[in-house]
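# what follows is a predicted protein model with its sequence.
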Amino acid sequence: MDVMPLLLLVAGSAMIAAAARRTPVPAPLLLVAAGLVISYVPGVPEYTLDPHVVLPLILPPLLYTAATDSSYLDLRAQLRPVALLSVGYVLFATFAVGWAAYLIVPDLPLTAALVLGAVVAPPDAVAATAVARRVGLPSRITTILQGESLVNDATAITAYRVALAAAVGEGATWAGGIGEFLLAAVGGVGFGLVLMVPLHWLRTHLKEALLQNTLSLLIPFVAYAAAEQVHASGVLAVVTVALYLGHRAWQVDFATRLQEEAVWKMVAFVLESAVFALIGLQLPVVLKGLGEYEGVRAAWYAVLLFLVVVVSRFVWVYPATFLPRRLSARIREREPNPTWKGPFVIAWAGMRGVVSLAIAFSIPMTMHGGEPFPERNLVLFLTFTTVIGTLVLQGLTLPTLVRLLKLPGRDTQAETLAEANAQAQASRAAERRLEELLSDERNALPAPLAERLRSVLERRRNAVWERLGQVNPLTGETADDTYRRLSREMISAERAIFVRLRDARHIDDEMLRTLLRRLDLEEAAAFREAA
């Protein structure tokens, strides 16, 4: 097996993603553009996006890390708009885009057109969250987009299976389609509910961070594979488990949390970078099979379908935002009155991604009677152009749109004040507990050590309040910033001495690693607010 193409993909996409951080262009867009350009460089291997790799091996960890980073409480508070987008909109887009494709493309059967509609229906989980973080959307809009992107893949995959069964002649019926959808949804959530408690128990009872993190890496694959074995939704199983584990992450050992955060950040970075680069690299593969549709006619179909995809999202989002308020007094009382700006951003943030392409590549070559699947290559091409069009046009213009609409961003002052109040309450509880412990002679400490515990607690309490205070006119730093900078300088000086002693053979490498780890933990504690 030649692993060089895989190594080149991972290394190249990581380098481009790292470079994107120094530009105003979101990394997914730069990676797609780079993939499009590199795909025609002589000597570059031909990368074919394999759905048997993407869906069971790449999608689960990306969904898992996105769900564990999400807020279960925030998603529950926005359950109605999330459900309307992740289920209602995907089904609406499947029929709207499918019917439009049936009218636009001659000789394309309605069943095959509905397959295309299901393929391009779900906005991409990674693209939505990556761009939302980059442009600083209001927290409610970010939560809605994240929630939609976590669930909509399950709806789209199920809709695709039903449409495909009808297209290839398996005799699919409306009743059968509804039954399959309910099985996928209820079964996926059910598998997640069954797995989440024992998995959490196992995480909290394993005593080594390495074992806990090994389990963490296996969880999304286990949840996805177990659900898919009985034709339930692996996507919903992964999301259900991840939301539960993320909500209860505080019950896991601190060493596990520190290590797990670093591990999953690395995994997500590598997979996201490779996935978006792969999208761009599919261009030669897609064009090679286009055949008779090459040229102006295929481009015309692509433009029309792209417009239908964009417009259909607006057609759904605005009624889904304002009609429930008209129909329910309870919603009007409970939720603030939305302006037209928020729904506009949600409608424009419908970028498609790798799941659409993976589903499209899974369309079989032939139907049950042995006949070729109608216009399969054209369906692949239209899926590819829709993905590229939404990523490039909507992704590039979304930051400008947010600035022009002047949407209120996150209230950092209010968030810092809430953080300070929470820290003050926690510090008072810690002080009471410390005094209780020190009053017991079994916990007797020398005065300097006891005072050190008190000073660390005082430092933690004051750090957040200092962020609300004035800055140093010479450096522009708050007192907290200066404290962290001086702490780093002191720790760097200690680290240099330890290395010098190791080089002089006064200590060995094992002792050096022990001392450096101690300094690393102290530095992490000093810089915990700087993330």
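Arrived safely, thanks for sending.

# what is the burial count for residue 261?
By other C-beta atoms under 10 Å, 15 other residues sit near residue 261. Backbone N, C-alpha and C define where each C-beta goes, glycine included.

# and it, how close does it get to residue 268?
For residue 261, the distance to residue 268 (C-beta to C-beta, to the nearest Å) stands at 11 Å.

# swap in residue 64?
9 Å.

# got any ranges where the stretch 301-450 of the chain has weak pLDDT?
Applying pLDDT under 70 to the stretch 301-450 of the chain flags residues 369, 409-416, 419-420, 423.

# just the helices in it please.
For the stretch 301-450 of the chain, the helices defined by DSSP state H, counting those that start in this stretch occupy 329-334, 341-348, 354-361, 376-389, 395-405, 412-438, 447-467.

# and the contacts of the first one?
In other words, helix 329-334. Applying C-beta atoms under 8 Å, 6 or more residues apart in numbering, the external contacts of helix 329-334 come out as 80, 324-325.

# go with 6 Å
With contact meaning C-beta atoms under 6 Å, 6 or more residues apart in numbering, helix 329-334 is reached by 324-325.

# CA-only coordinates of it in CSV, if you can.
As requested, the backbone C-alpha atoms of helix 329-334 are provided in CSV (Å, rounded to 0.1, in the frame of the first residue of the first chain):
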residue,chain,number,x,y,z
ALA,A,329,-48.2,33.5,22.4
ARG,A,330,-45.8,31.5,24.6
ILE,A,331,-43.0,31.8,22.1
ARG,A,332,-43.6,35.6,21.8
GLU,A,333,-43.3,35.9,25.6
ARG,A,334,-40.3,33.6,26.0
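
# in terms of helices and strands, where is residue 119?
Assessed by DSSP states H and E, residue 119 sits inside helix 110-120.

# would you mind getting the angle between that helix and helix 354-361?
Calculated by axes from the mean of the first three to the mean of the last three C-alpha atoms, to 10 degrees, helix 110-120 forms an angle of 150 degrees with helix 354-361.

# mean confidence for helix 110-120?
Here helix 110-120 scores 93 as its mean pLDDT.

# cool, and stretch 63-82?
On average, stretch 63-82 scores 89.

# now do the buried residues in it.
Across stretch 63-82, burial judged by 16 or more other C-beta atoms under 10 Å covers 63-71, 74-75, 78, 81-82.

# and the end-to-end length of that stretch?
End-to-end span of stretch 63-82 (C-alpha to C-alpha, to the nearest Å): 16 Å.

# how far off centre is that stretch?
Computed by C-alpha atoms, centre = their mean, to the nearest Å, the chain-centroid distance of stretch 63-82 equals 11 Å.

# got it, and stretch 57-65?
Its chain's C-alpha centre and that of stretch 57-65 lie 9 Å apart, by C-alpha atoms, centre = their mean.

# check stretch 360-377 too.
Centre-to-centre, stretch 360-377 and its host chain are 32 Å apart (C-alpha atoms, centre = their mean).

# residue 42: how many residues sit nearby?
4.

# same check, this time on residue 434
Residue 434: 15 neighbours (other C-beta under 10 Å).

# coming back round to it: show residues contacting the helix holding residue 119.
So helix 110-120 is in contact with 94, 97-98, 101-102, 156, 159-160, 163-164, 166-167, 309, 352, 356, 359-360, 374, 379, 383, 386, going by C-beta under 6 Å, 6+ apart.

# quick one, that helix and helix 376-389 angle?
If you take the same axes, to 10 degrees, helix 110-120 sits at 30 degrees to helix 376-389.

# buried stuff in helix 110-120?
111-120.

# try stretch 208-221
Residues of stretch 208-221 classed as buried: 209, 212-213, 215-216, 219-221 (neighbour count, 16+ other C-beta under 10 Å).

# quote the end-to-end distance of stretch 280-296.
21 Å.

# average pLDDT for that stretch?
Mean per-residue pLDDT for stretch 280-296: 78.

# just how off-centre is it within its chain?
In terms of C-alpha atoms, centre = their mean, the gap separating the centre of stretch 280-296 from the centre of its chain is 29 Å.

# buried ones in that stretch?
Here stretch 280-296 shows 280-283, 285-287, 293 as buried, counting by 16+ other C-beta under 10 Å.

# go on, stretch 338-347?
341-347.

# and of the residues you listed, the nearest to residue 245?
The closest of the buried residues of stretch 338-347 to residue 245 turns out to be residue 346 (C-beta to C-beta; 27.7 Å).

# what sits against that closest one?
residue 317.

# same question, residue 49
Listed by C-beta under 6 Å, 6+ apart, the contact partners of residue 49 are 278, 282, 357, 361.

# most neighbours out of those residues, which is it?
That'd be residue 357 among the contacts of residue 49, by other C-beta under 10 Å, with 27 neighbours.

# tell me the contacts of that one?
Taking C-beta under 6 Å, 6+ apart as the test, what residue 357 contacts is 49, 387.

# let's see that with 10 Å instead.
49, 51, 54, 119-120, 124, 275, 278-279, 282, 286, 380, 383-384, 386-388 (C-beta atoms under 10 Å, 6 or more residues apart in numbering).

# likewise residue 339?
Contacts of residue 339 by C-beta under 10 Å, 6+ apart are 405, 407.

# how close does it get to residue 78?
Taken as C-beta to C-beta, the span from residue 339 to residue 78 is 17 Å.

# tell me where the stretch 1-150 of the chain has strands.
Under the criterion DSSP state E, counting those that start in this stretch, the stretch 1-150 of the chain contains no strands.
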